[in-house]
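Chemist: Generate coordinates for the sequence data below:
(2 chains)
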Amino acid sequence: MAYNHKEIEHKWQKYWEDNQTFKAPDKSDKPKYYVLDMFPYPSGQGLHVGHPEGYTATDIVSRYKRAKGFNVLHPIGWDAFGLPAEQYAIKTGNNPAGFTNKNVQVFKKQIKSLGFSIDWSREINTTDPEYYKWSQWIFEKLYEKGLAYEDEIMVNWAPDFPGGGIVVANEEVVDGKTERGGYPVYRKPMKQWVLRITAYADRLLDDLEELDWPEAIKEQQRHWIGRSTGASVNFKVDGFDDEIEVYTTRPDTLFGAKYMVLSPEHDLIEKITTPDQAETIAAYQAMVATKSDLERTDLNKDKTGAFTGAYGINPINGEKLPIWIADYVLSSYGTGAIMAVPAHDERDFAFAKKFDLPITPVIAGGDVNEAAYTGDGTHINSGFLDGLNKQEAINTAIDWLEDNHAGHKQVNYRLRDWIFSRQRYWGEPIPVIHWEDGTQTLVPEEELPLRLPEMTQDQLKPSGTGESPLANATEWLNVTREDGVKGRRETNTMPQWAGSSWYFLRYVDPHNSKVLADPEKLKYWMNVDLYVGGAEHAVLHLLYARFWHKFLYDLGVVPTKEPFQKLVNQGMILGENHEKMSKSKGNVVNPDEIVNDYGADTLRVYEMFMGPLTQSKPWSEEGVAGSRRWLDRVWRLLVDDEGKLRDHVTTVNPGDLDKVYNQTVKKVTDDLENMRFNTAISQLMVFVNDAYKSDALPIEYMNGFVQMLAPIAPFLAEELWQKLGNTEGVSYEPWPTYDENQLVENTVEIIFQVNGKVRGKATVAIDIDKDAMVEAAKADDNVQNFINGKEIRKVIAIPGKFVNIVVG
RNA sequence: GCCGCUGUGGCGGAAUUGGCAGACGCGCUGGACUCAAAAUCCAGUGGUGGCAACACCGUGUGGGUUCGACUCCCACCGGCGGCACCA
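Modeler: Numbers count the residues shown, from 1 in each chain, chains lettered A, B, ... in the order given. Sure, this is the predicted structure:
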C-alpha cells in the first residue's frame, strides 16, 4: 500500500483534535517554553507559502521541545482589525465582522491542515470585545499616566487614501508615501491622539543590548530612536526680546556659524520677518505647504529658502547672523531651528553656495572652496577654542555655554511620539468622551469594552470631513451625563498596531474577565522564548510592543522588561524566477494546492529543506516533488505493499547501522537546537540511504528515526509510529539519545599533503603516533613522486588527521 | 550617500576551531527491473587533459598572512534589505 497523504493527514488531524494533544497546562513541574509566531492578519487571500515557513519552524521547535520535556506554549490568534474588511464592507454592504470571521475560518482550516501543534483553546481575536476591552484598558492607563494625549500636531495626512483620507504614524511613511497603498503623504497640522513613546526612548534603546535578536533589527531600532548628544544654544534676535533656541551636535563650530535657519513652520517667523521680506516669506511658506513629504526629500535635493530680513546674535562672539527659513530644516526635530555652519556641514554648505552666503572654516583640514569638512582637526578662527581638537572643543564650548547661560548640554532623539488615532470604523474605539463644557473624560473602566456600533453601508461611507465614519453613528455618538451635560464620543479608532502590541500576554490567560492576564500565569510563561516572523516589522510592531510592554512593566502588570527574548526573522520565499512572488508576475504558489497534491508533510519538509530559515530562497516545483519522493522512500522503508510493517524491521541488531544512527541522533538534535532544519533533514536522508542498504532494521533505531522525523513531518511520523507498534502518540515520547562510544572508531582515514596539497590517503589506527604517521606518508607512492630529490624543510602532523610535508 | 546582510557546480544549498571544497536534494547520464513505458532500486556526475594511475585549474575580483584560506586581514566589484536633509 502506497503512502496516502490525504488519508493519513486527515486521520491524525482528527486524533490530535479529539485528544487535545497540544493543550498546554498552566500549572506544570516541567520547565516552560513559549514559542510564538507573529500575529497573522486574516486576509481574504488566505495563507501564502511564506506563512508555513515560519509556522513550520516554530512548530518543529515546539514539538522538539515537548519531546525534550518542556511544557510548550504555542498559540495562535488573529490580528483582525484593519482596512481591507472595512473597504470590503463599504463595497458590498456586508458587515466587516462577518467578513473577518469568514477569513478567520479559512485561515484556521489551512493552519490545521498543515499540522501545527497549536493549543486552540487559547485562540484570540483582536476584534472580539472581550479582547479589545483590554486594548482600551491599556489606553486608559496610558491616558491616566499622561502618556496618551490629544494634540494639534503636524501629522502625516494622506488625503487620497480610500475612504476619505487617513492620518498615519511616522513609522508607516515610506519614501514619503503610505506604507499601505503608496498614497502621497503631506505634513498637516491636525488634532490627533498621540502616545508619548519618546518618554521610553532611552530604555527602548538601552535594553536592546540584552536581547537575542538579529543585529540588523537592533540596528534599525537604534537608528529609528536616533539618540544624539549635543548642545542647545540660545541666539537673541536683534531688536526683539525673543530668543531662538537651536540644537547642534557641533557646539565646537559655534564660531563658524554664519547664518541661521528656521523651519517654514517655526512660530517666530511671523513676528521677526521685516515688512519688505513678508511677501517673499509668505510665498515660500505657501509653496512648502503644498509639497508632499516625497517632494520635500526624495525628489528635491536642491536647497530652497527665503530670507526673513531679521538677524540673530551669535552668543559666543556677538556676530549678527541673517535668519533664513528653509524646508531642509525640519520642524519636528530638535527645536525646528539651526545655526548654520557652512564650512563644516554638507547641507549648510550646499545652502550657502546656492544663496551666496559666507563660508568660514573653523577647523583646519578641508578646503571650503570645494566641500564642507566634517572630520576632526585643530580649531582655528575660534577664539578660546583655537588649537583644540573636535572633542575637546565640544566639551569646552558646552562649559562656556553653561557658564554664560547661553545654552546647555542636550540629548535629542529622532524618535517622535506615536500618532495613534485613525479616521476609521474597523478598529478599537478610543474610550474618551468630549463634553460640551469643554472637558474630556475616559469611559469608566467598568463600562469597558466600549463596543463598536453596528453600522449600515451608508453610514460606513466617509463622512467627508476627514472624520471617522463613527461620526455617522448618531445613537452611539451622543451621550448625556446625569447632570444633563451633553457629550460626544471620540470618533477616531486605534491603529492596527494596538491589538498586536500586547497579544502575546493574552495567550497566557485568554479568557480572564477580571484582568488582562493573571500575574501568576504571566510569571510562569513570560517571556516569549522564541519569536519568529518577517523582518518587515523591524520598527513598527516590534517597537510599539516593546513600548507597551515596558509601560505595563512599570504598572506592575507584567513581570518582565522585554517581551521577546529571542527573535528570528525568516527569509522570504521567492518565485521560481528568483523574484518576489506577486500576482502580476504570475509566480505565486498556493499552499493549499501543495497540501492537496503532495501533502502537508511534503510542504513542511520542502520548506525546511530549501535552505537556512533566515535566508531568502527561490521556490522549486521539482524540489517539492523531491521532498515527496523522499517521504515515499521513508514509507517504503518501513511499510510493505499490504500496508504492514516490513519483515526486515527486527529486534536483532547486526550493528551495521550503529554508527550512522548515533551520528544522526547527535546531528539532528544539535541542528534542531540551532534551528538548522535543512541540515537536520539532510542527515535524516543520509540515515535512510544507509538503512536501504541494510538487511535488518533494528526496531529501536526505527523508533528513534520516526521520533526525529516527527517534528518535521508529524502526520507521516504518527502513522509510522503506530505501525511500529506504539500505542501512544509520538508527541510526548522522550527524545532519542545517542551513545558517544558508538561514534568513536578504531581506525581513521588520514590524508597526506605535500606543500598543503593532498597527495595521498591511508586508513590507520586511531591512536597512531606522529612518527608512524610521518613514516606512512613518506612511504606513500604518490607522496614520493613529490618529495623525491627535494629537501624536506618541515613536517606538520596532527594525529588522526593529516601529515603535511613541506619541501622546497 | 550611510548602515546591515550576502556572493561556493547546470540549480537549491553543505563544510563545528584555519586542515580531504561541493554533504544532502534537484537536474542530468548509465545500469537493473519491464514486452515497453512510468515508478522504483543501484551507480556516476565541478571544469580541463589523460586509456588509466593521476595532473592542472576551481568558493565574486585583486592582493596579503599561513606549512595550509570558502573560513582570517586589506582593497574593490555585484546582488538583497533598511535608512536617507534628524543639524
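Chemist: quick one: low-confidence ranges for the stretch 151-300 of chain A?
Modeler: A:292-295, A:297-300 (pLDDT under 70).
Chemist: One more pass at 90, please.
Modeler: Segments of the stretch 151-300 of chain A classed as low confidence (criterion: pLDDT under 90) are A:151-192, A:209-210, A:212, A:214-220, A:223, A:265, A:286-300.
Chemist: For it, which segments count as helices?
Modeler: A:201-206, A:215-225, A:269-272, A:275-289, A:293-296 (DSSP state H, counting those that start in this stretch).
Chemist: who wins for proximity to RNA strand B among the ones you listed?
Modeler: helix A:215-225 (3.3 Å; CB to the nearest atom of the strand). All C-beta atoms are positioned from the backbone trio N, CA, C, and that covers glycine.
Chemist: mind listing what's buried in the closest one?
Modeler: A:217, A:218, A:220, A:221, A:224, A:225 (16 or more other CB atoms under 10 Å).
Chemist: ok, which of those residues also contact RNA strand B?
Modeler: By CB under 7 Å from any atom of the strand, the members of those lying near RNA strand B are A:220, A:224.
Chemist: mind putting the buried residues of helix A:215-225 in CSV, distance to residue A:381 included?
Modeler: Listed next are the buried residues of helix A:215-225 as CSV, based on distance: CB to CB, whole Å:
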residue, distance to residue A:381
A:217, 44
A:218, 41
A:220, 40
A:221, 40
A:224, 37
A:225, 36
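Chemist: Can you say which of the helices of the stretch 151-300 of chain A is nearest to residue A:747?
Modeler: Nearest of those to residue A:747, taken as CB to CB: helix A:215-225 at 43.9 Å.
Chemist: In the stretch 1-150 of chain A, mark out all the helices, start to finish.
Modeler: Going by DSSP H, counting those that start in this stretch, the stretch 1-150 of chain A shows helices at A:5-19, A:50-67, A:83-92, A:96-113, A:129-144.
Chemist: And the ones you listed: which comes nearest residue A:604?
Modeler: Short answer: helix A:50-67, nearest of these by CB to CB, at 4.7 Å.
Chemist: is RNA strand B contacted by the closest one?
Modeler: No. Helix A:50-67 lies out of reach of RNA strand B by CB under 7 Å from any atom of the strand, never closer than 12.5 Å.
Chemist: what's the weakest-modelled helix or strand in chain A?
Modeler: Across the helices and strands of chain A, mean confidence by mean pLDDT, DSSP states H and E is lowest for helix A:293-296: a mean of 68.
Chemist: In contact with residue A:63, which residues?
Modeler: A:117, A:710, A:711, A:714, A:731 (CB atoms under 8 Å, 6 or more residues apart in numbering).
Chemist: With residue A:117 instead?
Modeler: A:16, A:21, A:22, A:59, A:62, A:63, A:66, A:72, A:74, A:714, A:731.
Chemist: Distance to residue A:771 and pLDDT for those residues - can I get that in TSV?
Modeler: Shown next, in TSV, are these (distance: CB to CB, whole Å; pLDDT from 0 to 100):
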residue	distance to residue A:771	pLDDT
A:16	62	96
A:21	60	95
A:22	60	96
A:59	54	96
A:62	53	97
A:63	51	97
A:66	52	96
A:72	54	97
A:74	57	97
A:714	54	97
A:731	55	94
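Chemist: Am I right that residue A:400 is in contact with residue A:255?
Modeler: No. Between residue A:400 and residue A:255 there is no contact, the gap being 11.2 Å when judged by CB atoms under 8 Å.
Chemist: So which of those two has more stuff around it?
Modeler: residue A:255 (23 against 18; other CB atoms under 10 Å).
Chemist: do you know how far the more buried one is from residue A:390?
Modeler: 14 Å (CB to CB, to the nearest Å).
Chemist: Check residue A:208 too.
Modeler: Residue A:208 is 27 Å from residue A:390, by CB to CB.
Chemist: Now the stretch 651-800 of chain A against RNA strand B: closest residue?
Modeler: residue A:756 (2.8 Å).
Chemist: got the contact list for residue A:106?
Modeler: A:42, A:46.
Chemist: okay, it: pLDDT?
Modeler: pLDDT for residue A:106: 95.
Chemist: same question, the one 3 residues further on
Modeler: Listed pLDDT for residue A:109 reads 95.
Chemist: The closest residue to residue A:192 other than its chain neighbours: neighbour count?
Modeler: Once flanking residues are discounted, residue A:192 sits nearest to residue A:421: 5.0 Å by CB to CB, 6 or more residues apart in numbering. Counted by other CB under 10 Å, the residues lying close to residue A:421 total 25.
Chemist: wait, doesn't residue A:687 sit right on residue A:658?
Modeler: No. Judged on CB under 8 Å, residue A:687 makes no contact with residue A:658 at a distance of 11.8 Å.
Chemist: out of the two, which sits in the more crowded spot?
Modeler: Remark: of residue A:687 and residue A:658, residue A:687 carries more neighbours, 25 against 16, as counted by other CB under 10 Å.
Chemist: Just want the phi and psi numbers for that one.
Modeler: Per-residue torsions, residue A:687: phi -60, psi -40 (degrees, to the nearest 10).
Chemist: And for the one 10 residues further on?
Modeler: Torsion angles at residue A:697 (phi, psi; degrees, to the nearest 10) stand at phi -110, psi 100.
Chemist: Now it. Nearest residue, chain neighbours left out?
Modeler: residue A:649 (4.8 Å).
Chemist: Quick check, pLDDT for the closest residue to residue A:283 other than its chain neighbours.
Modeler: Setting aside the residues directly before and after it, residue A:283 is nearest to residue A:306 in space (CB to CB, 6+ apart), at 7.6 Å. Looking at residue A:306, its pLDDT is 93.
Chemist: can you check the one 5 residues further on too?
Modeler: What the model reports as pLDDT for residue A:311 is 95.
Chemist: How about residue A:406?
Modeler: Per the predicted model, pLDDT is 92 at residue A:406.
Chemist: So what's the residue count around it?
Modeler: There are 19 residues near residue A:406, going by other CB under 10 Å.
Chemist: Verify the contact between it and residue A:315 for me.
Modeler: Yes. Applying CB under 8 Å as the test, residue A:406 and residue A:315 come out as touching, 3.8 Å apart.
Chemist: So residue A:623: helix, strand or coil?
Modeler: Assigned by DSSP: H, G, I helix; E, B strand; the rest coil, the conformation of residue A:623 is helix.
Chemist: Same question for residue A:715.
Modeler: helix.
Chemist: Distance of it relative to residue A:617?
Modeler: Counting by CB to CB - residue A:715 and residue A:617 are separated by 24 Å.
Chemist: Settle it for me: which of those two has more neighbours?
Modeler: Between residue A:715 and residue A:617, counted using other CB under 10 Å, residue A:715 has the larger neighbour count: 25 against 18.
Chemist: per-residue pLDDT, the more buried one?
Modeler: Value for residue A:715, per-residue pLDDT: 97.
Chemist: re the thing from before, nearest spatial neighbour of the residue of the stretch 651-800 of chain A closest to RNA strand B, skipping sequence neighbours?
Modeler: residue A:804 (6.2 Å).
Chemist: What's the local residue count around residue A:457?
Modeler: Counted with other CB under 10 Å, residue A:457 comes out at 13.
Chemist: which residues touch it?
Modeler: A:89, A:90, A:92, A:93.
Chemist: By neighbours, which of the residues you listed wins?
Modeler: Result: residue A:89 is most packed of these (other CB under 10 Å), 23 neighbours.
Chemist: gap between it and residue A:425?
Modeler: From residue A:89 over to residue A:425 (counting by CB to CB), the distance is 8 Å.
Chemist: cool, residue A:413 as well?
Modeler: Taken as CB to CB, the span from residue A:413 to residue A:425 is 34 Å.
Chemist: you'd agree residue A:803 is in a helix?
Modeler: No. Residue A:803: not assigned to a helix; according to three-state DSSP it is strand.
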